[in-house]
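Student: Here is my input, please return the structure:
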Amino acid sequence: MNYEKKQEIKRKVLKQLYDTGKIDESLSELSQAEYAYLLKELQDDNFISGIGFTNTKTTPVFWCDKARLTNEGANFINPPKEKVANTTVYNIQGGDMRGSTFGNDNVVTNNWSNSIKDLKDFIATLPTEDQKTGNEIVKIIEKKEIKPGVFNKFTDFLEKHPNVVGMLGNAVVWALSMHQ
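Tutor: Residues are numbered from 1 along each chain as shown. Model (predicted):
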């Protein structure tokens, strides 16, 4: 008996047990010995339980008055449908989310507007004199007066407050990428 035929008969026996709660060997085209070995294989594979076997000189004898279909057997005849997991992946590129691009491969959102807000918030925490200088930088960015060397006069301020450098870079990109 080939593999496909054997699997078909196994499914038939398991389906019969599932539908009627009994195993009836008269439905099989197998000999008593072949049928007994098939049931033994189903039990060894943990598809059924509660079957007894005895070997005689000529053929094996089996009794199946307590035969039960196991979960594995039920899954063999009715495979459970695989659940498809939600595969939304969010990619954050460029460090943390401030001033970075993030999205789910379908939609990408540039989060540059937060970078100007972050810069303003940080400048608000500085001493009054430094706030004046920081606000000048913000005005340059908001007016989009960005050209080579425009920030040269703020070198001392930027060295004093290195956190501003990263925020400034993000804010400049935000200003240059605005479509107005």
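Student: so where do the strands sit in this protein?
Tutor: 48-49, 52-55, 60-63, 68-69, 91-93, 101-103, 108-110 (DSSP state E).
Student: Identify all contacting residues around the second one.
Tutor: Read it as strand 52-55. Outside strand 52-55, the residues that touch it by C-beta atoms under 8 Å, 6 or more residues apart in numbering are 36, 39, 40, 60, 61, 62, 63, 64. Glycine gets a C-beta too; all of them are placed from N, C-alpha and C.
Student: just the residues you listed now: which is nearest residue 5?
Tutor: Nearest to residue 5, judged by C-beta to C-beta, of the contacts of strand 52-55 is residue 39 at 16.1 Å.
Student: wait, isn't the closest one in contact with residue 64?
Tutor: Yes: using C-beta atoms under 8 Å, residue 39 is in contact with residue 64, at 7.0 Å.
Student: what sits in contact with each of the two?
Tutor: Taking C-beta under 8 Å, 6+ apart as the contact rule, residue 39 and residue 64 both touch 23, 51.
Student: I'd assumed residue 139 was in contact with residue 150.
Tutor: No: using C-beta under 8 Å, residue 150 is not in contact with residue 139; the gap is 11.2 Å.
Student: More neighbours: those two, which one.
Tutor: The neighbour count for residue 150 versus residue 139, taken as other C-beta atoms under 10 Å, is higher for residue 150 (13 against 10).
Student: Leaving out chain neighbours, which residue sits closest to that one?
Tutor: Closest residue to residue 150 apart from its sequence neighbours, by C-beta to C-beta, 6 or more residues apart in numbering: residue 140 at 6.0 Å.
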